[in-house]
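[1] Quick one, what's the 3D model for this:
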Amino acid sequence: MYFKAAKVNFKKHIFFNIVIIIQLSIMIGIIISLAGAVESRLDRYLPVRDFLTSEGYFCSGTFTDQIKTQVRSQLKGVRNIHTIATTAMFTEDGAADSEFSAYIYDDKILQLYSPTLAEGEWLDRYKNYTGDAIPIVISNNGCDYKTGDKIKLSCYLNDPDETGNFSFYVVGVINDNADFIFCNNNEMLDKDSADMMYCSFTYNRIDEMIDQGLSEEEARQALDDELKTQNEMMDYFDDIGVERSAAANIYNTPIAFMRESDAKKLNLYLTVHTLMITMENGLSDQDQYDNLFSLKNTIQSCDQIASNRKLNENCLTKINLQLASVFPLIIISLTLILLSAVSIGAISTMQQLKTFGIFYINGSKWISCIRVSIYNSVMICIPSLIITYAALFFIKNKFPNITITFGMFENASAFAVVILFILLSMIIPLSILRRKTAKEILNEYN
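    You can find the predicted model right below:
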């Protein structure tokens, strides 16, 4: 009954309700954008916060897979050591377009952060496949491999000069330009922050250059210049019959991700590049000094070292500066959204007062009128949500350089606006109806 009455009332004021739907859609779009702006300042920090707030070190270098034993033997108070290693994977015929640079994660790092996926599942959540093939997650690639494909790849083994051929099962494909955890030495040399703990990958180098700020014309010119340099260098090798490149390589080598346990089961040759070391609490200053000295001097292949404490301080400073720059915009936008919600609710209520008065005269209670108002608000909110998400999806697909996310925080913010609007549809009519009789309402509108 209430829904039917709300439907009649909605149709009666259809033009006004369309205006409200448009206004509410804009409000929801603004709040999703603001939530995304806040989350983007935190998306690299929150996954590694527990690691950064513990005593320890984040290191890069080139190590053997015995590095854990070496670190434990030379450092005092080591609690945990987590590593990221790499290995090469390629087809049996050695075709360059089907080679992968594989990143080997232990279980802890797999759980820390999941790259955004174009399809499929991340390794720590994938438990459905029970075949003999090893599950991997891959990037965009020249062979157009996708989720569900089985791939035969060769890999270097721990035995000298030997390779093995193995079957791999693709369980997911990461998005282009997706972040993943690995030591980013460029960020590390610039300023220690959580950014140095992440790299990103884009298969097409032109797209990668555009993301870095170049125009498409500038990106193509840079690749042409690279080709020219390559061909000039090849002049030195003509006498030994080395074939010249026909074109500059516009594609990065695709990447893949594999569990450390699976890599060890296959006896793959691994090169460790990233160490995440956590220490016991309460180490003396001398012990901390000795540990840092050992990392810098005894473990010779350790190129860059950052303490967790320093990383955490720099991360928080950077986040605070970024949030401070958008905080005034957030306050102004939220104020406008609240005022708009109240105004829309009040105007919507005034449009319905005469109808409520008629309902009351015909035997309905004020609480029944409130229920009709709630149903009317729901009928406004549903198309508003549909319009907002459809518009944002269109913008996201049409303009890839505009970052729009639909995570839990953004969706929760959108539904908070909807809940606020529905609550106002209860509170505002109730506050007006409690001060007036049905006769007074009808007299005002006659």
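[2] Next, count neighbours for the residue nearest to Asp65 when sequence neighbours are not counted.
    Excluding its sequence neighbours, the residue lying closest to Asp65 (Cβ to Cβ, 6 or more residues apart in numbering) is Leu270, at 4.8 Å. Using the backbone N, CA and C atoms, a C-beta is placed for each residue, glycine as well. Neighbour count for Leu270, taken as other Cβ atoms under 10 Å: 21.
[3] you'd agree Leu270 is up against Thr87?
    Yes: the criterion here is Cβ atoms under 8 Å, and Leu270 meets it with Thr87 at 5.5 Å.
[4] shared neighbours of the two, anything?
    Common neighbours of Leu270 and Thr87, counting by Cβ atoms under 8 Å, 6 or more residues apart in numbering, are Ile104, Ala263.
[5] any idea how far the residue nearest to Asp65 is from Val171?
    21 Å (Cβ to Cβ, to the nearest Å).
[6] what's the answer for Lys108, then?
    19 Å.
[7] Of those two, give the one with the bigger neighbour count.
    Remark: of Lys108 and Val171, Val171 carries more neighbours, 26 against 16, as counted by other Cβ under 10 Å.
[8] Excluding covalently adjacent residues, which one is nearest to Glu55?
    Met279 (4.3 Å).
[9] Counting neighbours, what do you get for the one you found?
    21.
[10] For the residue nearest to Asp65, give me its contacts.
    Asp65, Ala85, Thr86, Thr87, Ile104, Ala263.
[11] Please tabulate these in JSON lines and include pLDDT as additional columns.
    Output for those, formatted as JSON lines (pLDDT from 0 to 100):
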{"residue": "Asp65", "pLDDT": "80"}
{"residue": "Ala85", "pLDDT": "92"}
{"residue": "Thr86", "pLDDT": "91"}
{"residue": "Thr87", "pLDDT": "91"}
{"residue": "Ile104", "pLDDT": "94"}
{"residue": "Ala263", "pLDDT": "91"}
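[12] Keep only those of those residues that are in strands.
    If you go by DSSP state E, the contacts of Leu270 have Ala85, Thr86, Thr87, Ile104 in strands.
[13] so which of the contacts of Leu270 is the most crowded?
    Ile104 (25 neighbours).
[14] Distance of it relative to Gly61?
    16 Å.
[15] Please apply the same query to Cys155.
    On the measure of Cβ to Cβ, Cys155 and Gly61 end up 22 Å apart.
[16] And for Leu110?
    21 Å.
[17] what does Val326 give?
    Val326 is 37 Å from Gly61, by Cβ to Cβ.
[18] Could you do Met196 as well?
    Taking Cβ to Cβ, one finds Met196 at 14 Å from Gly61.
[19] now Ser340
    Taking Cβ to Cβ, one finds Ser340 at 55 Å from Gly61.
[20] Ile330 now?
    Ile330 sits 41 Å away from Gly61, going by Cβ to Cβ.
[21] the more surrounded of those two?
    Gly61 (20 against 15).
[22] which helices and strands does the helix or strand that that one is a member of pack with?
    Assigned by DSSP states H and E, Gly61 belongs to strand 56-63. Where contact means 3 or more Cβ pairs under 8 Å, 6 or more residues apart in numbering; DSSP states H and E, strand 56-63 is packed against strand 271-279, strand 302-307, helix 308-361.
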